[in-house]
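>>> Below: sequence and its predicted model.
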Amino acid sequence: RQLAKQILKDPEEISVAISKPAEGVTQKVIMAHEEQKVKLVQHVLGDKDDFNSIIIFCSTKKKVEKLARKLKQKGYACQGISSDYEQDAREEALRDFRSGKTRIMVATDVMSRGIDIKGIDLVINYDVPGDAEDYVHRIGRTARAKTEGMAVTLVCPDDMFKFSKIERLIDRELDKEQPPKHLGEGPQWRGPSGKGKGRKNSKNKREDKPRKDKSRSDKSRGDRKDRKPRQDRKKEKSKNRLLYEALPNPKAEVVS
């Protein structure tokens, strides 16, 4: 913006409103270690059919395949979808999801924008998105057209900083829940700092190192008390050069 004002004359500025979650979305955050996530997803889904249509967002295609496979093994009507799928396979998966044949869709962010599917009542963020606005687009798949829905986000230690950026974007601090006791304790919320405390005492360690009394400049100079003044040294050097040039050249050829 500042650069545009400097080099352009009377520039026009166009601002796009920052996206905000729909009012009908109930946002829930569960602190989880990576190894707890699959069981937490099963816990959220429950044994009952409390939710009719569910999207689970993962950060990578590999995680999509892994989670979809594990949920299928547990008997869930589940399908994975990512950009690796052929167009025909993606369209078939979306048809099954729209019709209700597939209750759970595990996807990358390919499903977060531009796809309008009605009736989604639960969104699970298996991973926190890298871009804060992607979070708004993800949970925007539910609670559409003034309906209600739920969004559950699993936050591991590596994702705390990213989630703090999301809270700044939506201008709201969400409650952080712990997993149920039978799944073990989750990580404690540390706010925007996340894991950035590893070098806390590095400065003190440097300050504790003893410094030698003799400075570097003193070492390089050595003992210069007996040296001649600089002007005298220049004169002596010039005199020696003239004497050297006056000497006969032993390699010169003799011309008769």
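Thanks, I have it.

>>> Please make it C-alpha for all contacts and neighbour counts, starting now.
OK.

>>> for the protein, which spans come out with low pLDDT?
Applying pLDDT under 70 to the chain flags the ranges 1, 15-18, 47-48, 193-256.

>>> Mind telling me which residue is nearest the centre of it?
Gly130 (5.4 Å; CA atoms, centre = their mean).

>>> how about the helices in the stretch 51-200 of the chain?
Secondary structure of the stretch 51-200 of the chain by DSSP state H, counting those that start in this stretch: the helices cover 61-73, 87-99, 132-139, 160-170.

>>> Which other helices and strands does the last one contact?
Right, helix 160-170. helix 132-139 (3 or more CA pairs under 8 Å, 6 or more residues apart in numbering; DSSP states H and E).

>>> Mind giving me the packing neighbours of the helix it packs on?
helix 160-170.

>>> residues contacting the nearest residue to Gly100 once chain neighbours are set aside?
With sequence-adjacent residues excluded and distances taken as CA to CA, 6 or more residues apart in numbering, Gly100 is closest to Ser53, at 7.4 Å. The neighbours of Ser53, taking CA atoms under 8 Å, 6 or more residues apart in numbering as the test, are Phe97, Gly100, Arg103, Ile104, Gly119, Ile120, Asp121, Leu122.

>>> ok, now which ones touch Ile117?
Going by CA under 8 Å, 6+ apart, Ile117 touches Arg98, Arg141.

>>> So it versus Cys78, what's the distance?
Using CA to CA, to the nearest Å, Ile117 is found at 16 Å from Cys78.

>>> cool, Leu8 as well?
With CA to CA as the criterion, Leu8 and Cys78 are 54 Å apart.

>>> Of these two, which one has the most company?
Cys78 (23 against 9; other CA atoms under 10 Å).

>>> Which residue is the nearest non-sequential neighbour of that one?
Cys78 sits nearest to Ile104 (CA to CA, 6+ apart), 4.6 Å away.

>>> what do you get for Phe51?
Asp121 (6.2 Å).

>>> how about the strands in the protein?
25-31, 54-57, 78-81, 104-107, 122-125, 149-155, 176-177 (DSSP state E).

>>> Residues contacting the third one, please?
By CA under 8 Å, 6+ apart, the residues outside strand 78-81 that reach it are 64-65, 68, 71-72, 90, 93, 102-108.

>>> Export only the CA atoms of it, formatted as CSV.
This file holds the C-alpha atoms of strand 78-81, laid out as CSV (Å, rounded to 0.1, in the frame of the first residue of the first chain):
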residue,chain,number,x,y,z
CYS,A,78,-16.5,-43.3,4.3
GLN,A,79,-14.8,-42.0,1.1
GLY,A,80,-11.6,-40.2,0.6
ILE,A,81,-11.1,-37.5,-2.0
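
>>> That strand: partners in the sheet, and parallel or antiparallel?
Strand 78-81 sits in its sheet next to strand 104-107 (parallel), going by DSSP bridges.

>>> Tell me, how many residues neighbour the residue lying closest to Gln42 once chain neighbours are set aside?
Distance criterion CA to CA, 6+ apart; nearest residue to Gln42, sequence neighbours excluded, is Leu71 at 7.9 Å. Residues near Leu71, counting by other CA under 10 Å, number 19.
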